[in-house]
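S.K.: Build me a model from this:
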Amino acid sequence: MVGTVGVPENGGRDGHAHNLFEAAAAYVTAYAEDDQERLDEAAGWVSPEALSFGVNELACRAVVALAREHRRPPQDVARALLGLPAAS
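M.R.: Numbering: from 1, shown residues only. So this is what the prediction gives:
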């Protein structure tokens, strides 16, 4: 668990205090790779609220980057990633 945002309760004994964006990146990649051990580890780096914010920010940035790369509206990209039909 976490004492304050970015500071593990172990006092940072791993030698590195993780910020919410590092936690979000590690959490999402662990989830995508179905790695429960890394998922649990990343979830413990910051508070649940901070992790949620970081994952949301990562999702937004990813959709915007893909939309620019494919020259598509962000809404179309987001819907396609979720397997939804194009909005009318």
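S.K.: Against residue 77, how distant is the residue located most distally from the centre of the chain?
M.R.: Distance from the centre of the chain peaks at residue 88, with 29.2 Å (CA atoms, centre = their mean). Counting by CB to CB, to the nearest Å, the gap from residue 88 to residue 77 is 16 Å. Yep, even glycine has a C-beta here, placed from its N, CA and C like the rest.
S.K.: Lowest mean pLDDT among the helices and strands of this protein, which one is it?
M.R.: Lowest by mean pLDDT, DSSP states H and E among the helices and strands of the chain is strand 2-4, with a mean of 39.
S.K.: Which other helices and strands does whichever helix in the chain runs longest contact?
M.R.: Selection of the longest helix in the chain by residue count, based on DSSP state H, yields helix 48-70. Other elements packing on helix 48-70 under the criterion 3 or more CB pairs under 8 Å, 6 or more residues apart in numbering; DSSP states H and E are helix 20-32, helix 74-81.
S.K.: Name the residues that touch that helix?
M.R.: 2, 5-6, 20-21, 23-25, 27-28, 42-43, 45-46, 72-74, 76-78, 81 (CB atoms under 8 Å, 6 or more residues apart in numbering).
S.K.: ok, residue 83 - contacts?
M.R.: Applying CB under 8 Å, 6+ apart, no residues contact residue 83.
S.K.: Can you classify it by secondary structure?
M.R.: What DSSP: H, G, I helix; E, B strand; the rest coil gives for residue 83 is coil.
S.K.: related to what we said a few turns ago, tell me which of the helices and strands packed on helix 48-70 sits most buried.
M.R.: Highest mean neighbour count among the helices and strands packed on helix 48-70 (mean count of other CB atoms under 10 Å): helix 20-32, with a mean of 18.
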